[in-house]
Structure formats: C-alpha cells, structure tokens
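Novice: starting from these lines, generate the structure:
(4 chains)
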Number of protein chains: 2
Amino acid sequence: METNGAEQLKRLAAARRRGCGVERTLAVLDGKWTTLIVRELLSGPKRFGEIRAALDSPSAKTITDRLRALEHQRIITRTVYPEIPPRVVYELTGDGHSLAGILYEMLIWGEEHPVSEP
Amino acid sequence: METNGAEQLKRLAAARRRGCGVERTLAVLDGKWTTLIVRELLSGPKRFGEIRAALDSPSAKTITDRLRALEHQRIITRTVYPEIPPRVVYELTGDGHSLAGILYEMLIWGEEHPVSEP
DNA sequence: TTATATAATTTCCAAGTGGAAACTAATGGC
DNA sequence: GCCATTAGTTTCCACTTGGAAATTATATAA
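Specialist: Just a heads-up that it's a prediction; the model follows:
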C-alpha cells in the first residue's frame, strides 16, 4: 500500500471531489464517546460495566446510545447471556477492528503533539 | 515505523493506561466541521470564502468559530491582507500538515466500508 | 449617491447531546 | 421478606452547537 506523503495528498484531493470517505468515517465515529469505546474494545470483548468504568463513567444512557449506534453500523456485536444478574458482552466486528489504523494514527499524533496553549 | 496489527494493538492498550494520545487528538479535531476544514487545507492555503463554499456552506459563524479554535491550537495560521475588500488566507502549520496520516486512514476506511444499513 | 464585494461579528434562537435520578427485571443470599 | 446485583430504560433538564439574520468597515464602480 502506497502511503508516502505526496500520494496521500493526491488521493485526499481527489476524494474531495467525490462523496468522500472521510465524511463517511466521521459519521461512524460520531458522538463524544464513540471513538473511545472503539479504543476500549480493540483490546478484546468487554462487558457493559467494564466499558463504562474505563471511560470515567459517563451516564448509562450515553453509553447505551453509543453502543446501539455502533451495533447498527455493524462495528460491534452485542451478546446477551441470559443469567441473573444479566451479562452483556460487546465485541468488535471485522469492520470494527479495521478502525485500528485510524486510532493508531490518532494515538501517535496525540503523543507527538502535547497540549501547548500559551 | 512499525505499523503491523499486533504492534498497533499493543501500543493502543498501553496508551489506555496513560493519559492517551487518542483523547488529545479528539480534542483537536472537535466539532462538526473541524476535520473537514483540515481536509480542505491539506491541498493548500485557502481563503475564508473558499473553505465555506467547499463545505456545503455552513453558517459564517460556525466556520469562524472552528477556524479560531484551530488557530489557537496552532493547527492553522491566519493571514490578513489589508485590501478592500479584505482577503484572509488560512494555511496549515507543520503540526496541521502532520494530521494528514489520520485523514488518509479515515479516507481509506470510509471508501472500503460504504453505508450498508438494512 | 448608492450598490457591491469580503470577512467577519453579534444577537437571538432551535435543535441536538449528554447527564442525573428514578425505575425495572429476575434470582440468589441473608 | 428484603437486599444486592447488572444492564438497562425512561423522564426530565441543562448545556452546547450550529444556524439565520442583521450589522460593520471601506474602497471602488456605476
């Protein structure tokens, strides 16, 4: 796969004239917590409570909303184990795992550009 | 640069335990139009009106807000040419250009995963 | 004299988003 | 009988975001 700078810029310019994959991706990674949920699941399947705890505990409603949206877009699967109390496990699909490259680039950029407001 | 899948996942898992570069990047690419403004500027400096027209014309206030935020974070520079009528040109900084890798991964993912809701 | 062009800024408002708190369901343990 | 547990759902509310419209500034053109 060709990934040198000049080639990237050429393809990004071409995409601007079409529908644009960037916009499609932004539509999937939409909402305040969505990208971070994907990041959590990259290290393996997780239960509802584990995801919530890892993210500094946003409200249950927020997590549920985001998980539902990701499920509808086939980024994650949801498995309910009919036990008491209930156990629900979320796991990335193949499409979901393929977001790793984006997350990885975000990680690198963020680490190389720490906050520096004057 | 090591970018195979296993190595990426290992580093993403490690980052989860620190502050996290992903969150830092998300803070920069925040807001509905921010990422698309960066995409526009990757192909070269642009005037205010050009950016607005390229983005299906969101309100002037919205564009101004986003451009100001990007300027404060040193992702873009703003150059005013004291002419009548005024001309203002926005251009990516080095830090701004270095976001190209993220945008490129987003482009590829978006093109390889078209919408497929049932 | 008045319209035009460009890049804003300001005010006001509608819609969207996320959070808090209360409630549910079902079973096992005390 | 009552409580704890897990993963929600529901209702309501506050805050944020973005958009519309009016306004500004100023030299040039008609």
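
Novice: hang on, A:E111 in a strand?
Specialist: No: counting by DSSP: H, G, I helix; E, B strand; the rest coil, A:E111 falls outside a strand, being helix.

Novice: so it touches B:T25, yeah?
Specialist: No: contact criterion CB atoms under 8 Å: A:E111 and B:T25 do not qualify, at 9.2 Å. Backbone N, C-alpha and C define where each C-beta goes, glycine included.

Novice: ok, the two, which is more surrounded?
Specialist: Between A:E111 and B:T25, counted using other CB atoms under 10 Å in any protein chain shown, the more crowded position is B:T25 (23 against 17).

Novice: what helix or strand is that one on?
Specialist: Taking DSSP states H and E as the criterion, B:T25 maps to helix B:21-28.

Novice: which neighbouring elements make contact with that helix?
Specialist: Applying 3 or more CB pairs under 8 Å, 6 or more residues apart in numbering or on different chains; DSSP states H and E, one finds that helix B:21-28 contacts helix A:34-41, helix A:100-112, helix B:5-16.

Novice: which residues of chain A lie near DNA strand D?
Specialist: A:47-49, A:60-61, A:64, A:67-68, A:78, A:84-88 (CB under 7 Å from any atom of the strand).

Novice: and these, which are buried?
Specialist: A:F48, A:L67 (16 or more other CB atoms under 10 Å in any protein chain shown).

Novice: what's the closest of the residues of chain A next to DNA strand D to B:G96?
Specialist: For the residues of chain A next to DNA strand D, the closest approach to B:G96 (CB to CB) belongs to A:L67, at 33.0 Å.

Novice: and the closest one, which of the three is it?
Specialist: Criterion first, three-state DSSP; result for A:L67: helix.

Novice: quickly find the element holding the nearest residue to it once chain neighbours are set aside.
Specialist: Spatial nearest neighbour of A:L67, chain neighbours left out: A:Y90 (6.2 Å); criterion: CB to CB, 6 or more residues apart in numbering or on different chains. If you go by DSSP H and E, A:Y90 is part of strand A:87-92.
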